[in-house]
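Student: Take this sequence and fold it.
(chains A and B)
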Amino acid sequence: MSSSLDIAVSQAEGSVSVSVLALKGVLDASTQKELESKAEELIGGGTTHILLDMRGVSYMSSAGLRAMHAIAGKLSPEEASETAIKSSRLKLLSPSEDVAKILKTLGFDAYLESFDDLNSAVASF
Amino acid sequence: MVLSIITGLDGLDEIRNFVEHAARSHGVSPEAVSDVRLAVDEAVANIIMHGYGGEAGKIEVEVTAEGGDLLVNLRDDAVPFDPTARAEPAPGNPLERPAPGGFGVQLMRKMMDEISYRSTTTGGNELILKKLDVVQARR
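Tutor: Residues are numbered from 1 along each chain as shown, chains lettered A, B, ... in the order given. I've put the predicted structure just below:
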């Protein structure tokens, strides 16, 4: 048995156009590159804002954080500054309790905003 | 309980399931099981990625109880690598770090109470992860 991760992409319109990546399955060291590759493909095609829909993520390890780090860097290479607290281009929808614990343990919760509903998430960009 | 397999990253799921089952059999709570499962996943992923260069290699996972404590021994034949020797990353925005190394080791340290390392006599590595006071005594 091996881990699998399905990624369904859709577009949502708020004040900006947001690519919503609905993840389903496991986000671990074996599936990390799949997420990074998909995000890279979208960014190469013009995507500027990404919402990771985590509702279907049954398990995540630090590999998920590495993927988020890579995606945030590709979306906003110029954003890293002392005054930019939260990423304005990468956000999360409904991480599970276990995933939220990992985000908090490594301090990612202070820099990646999470939302409980899709409309609020899209409107926040 | 011992699991001994030759695997790459595609074996992480099997290893996580084994650890979950073994920990539950010792009466460990769901929250503690999650912590142990994550710590082992992080450790094994590091062994495969850094010790075996991303290729398949031998991983042995042993889960035992020592009084009220749960022990997980991880043994491999990879190049010597001591994750306990790695320094903690500096505080600050993790998104701003140029290279996101060390997240796995950080999580291991947070999820487990004690971590120790030794090289084995056959030239491999043994990592011992311990979670204190989580084993429920059998009635």
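
Student: Where does pLDDT dip in the chain?
Tutor: Picking chain A for this. A:1, A:77-84 (pLDDT under 70).

Student: not quite, I wanted chain B
Tutor: Low-confidence segments of chain B, defined by pLDDT under 70, span residues B:86-93, B:95-101, B:137-139.

Student: switch to 80 and redo it
Tutor: B:83-101, B:137-139 (pLDDT under 80).

Student: At the contact with chain B, which residues of chain A appear?
Tutor: For chain A, the contact set with chain B under C-beta under 8 Å from any C-beta of the partner chain comprises A:1-3, A:26, A:28-30, A:59, A:61-63, A:65-66, A:68-70, A:72-73, A:80, A:87, A:98, A:102, A:105-108, A:110-112. C-beta here means a position set from N, CA and C on the backbone, and glycine is covered the same way.

Student: Could you pull out the helices in chain A for me?
Tutor: For chain A, applying DSSP state H gives helices covering A:32-44, A:62-75, A:97-105, A:118-123.

Student: Pull the second one out as CSV, backbone CA atoms only.
Tutor: Coordinates of the C-alpha atoms in helix A:62-75 are reproduced here as CSV (Å, rounded to 0.1, in the frame of the first residue of the first chain):
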residue,chain,number,x,y,z
SER,A,62,6.2,18.0,7.6
ALA,A,63,6.3,17.3,3.8
GLY,A,64,3.1,19.3,3.6
LEU,A,65,4.8,22.2,5.3
ARG,A,66,7.7,21.9,2.8
ALA,A,67,5.3,22.0,-0.1
MET,A,68,3.5,25.1,1.4
HIS,A,69,6.9,26.7,1.9
ALA,A,70,7.8,26.1,-1.8
ILE,A,71,4.5,27.2,-3.1
ALA,A,72,4.5,30.4,-1.0
GLY,A,73,8.0,31.2,-2.2
LYS,A,74,7.0,30.8,-5.9
LEU,A,75,3.8,32.9,-5.4
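
Student: and it, what does it pack onto?
Tutor: Under the contact definition 3 or more C-beta pairs under 8 Å, 6 or more residues apart in numbering or on different chains; DSSP states H and E, helix A:62-75 sits against strand A:17-27, helix A:32-44, strand A:50-60, strand A:90-93, helix A:97-105, helix B:30-46, helix B:103-111.

Student: Sheet partners, orientation included, of the first one?
Tutor: Translated: strand A:17-27. When pairing is defined by DSSP bridges, strand A:17-27 lines up against strand A:5-13 (antiparallel), strand A:50-60 (parallel).

Student: Chain neighbours aside, what residue packs nearest to residue 25?
Tutor: Defaulting to chain A. Residue nearest to A:Gly25 in three dimensions, not counting chain neighbours: A:Leu5, with 4.3 Å by C-beta to C-beta, 6 or more residues apart in numbering or on different chains.

Student: wrong chain, I was asking about chain B
Tutor: The shortest distance from B:Ser25 to any non-neighbouring residue, by C-beta to C-beta, 6+ apart, is to B:Met1 (7.2 Å).

Student: Nearest to the spatial middle of the chain, which residue is it?
Tutor: Since you didn't name a chain, this refers to chain A. A:Leu52 (3.6 Å; C-alpha atoms, centre = their mean).

Student: Please refer instead to chain B.
Tutor: Note: chain B centre (C-alpha atoms, centre = their mean) maps to B:Val40, 2.7 Å.

Student: With respect to burial, which of the strands paired with strand A:17-27 scores highest?
Tutor: Sort the strands paired with strand A:17-27 by mean neighbour count, taking mean count of other C-beta atoms under 10 Å in any protein chain shown, and strand A:50-60 sits at the top with a mean of 21.

Student: With just CA atoms, put that one into PDB.
Tutor: Taking C-alpha atoms only, strand A:50-60 is exported to PDB below (Å, rounded to 0.1, in the frame of the first residue of the first chain):
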ATOM      1  CA  ILE A  50      -3.800  29.800  -4.200                       C
ATOM      2  CA  LEU A  51      -6.200  28.400  -1.700                       C
ATOM      3  CA  LEU A  52      -5.300  24.900  -0.500                       C
ATOM      4  CA  ASP A  53      -8.600  23.100   0.400                       C
ATOM      5  CA  MET A  54      -7.500  20.700   3.100                       C
ATOM      6  CA  ARG A  55     -10.900  19.200   3.900                       C
ATOM      7  CA  GLY A  56     -10.000  15.900   2.200                       C
ATOM      8  CA  VAL A  57      -6.500  15.600   3.700                       C
ATOM      9  CA  SER A  58      -6.600  12.500   6.000                       C
ATOM     10  CA  TYR A  59      -2.900  12.800   7.100                       C
ATOM     11  CA  MET A  60      -0.100  15.400   6.700                       C
END
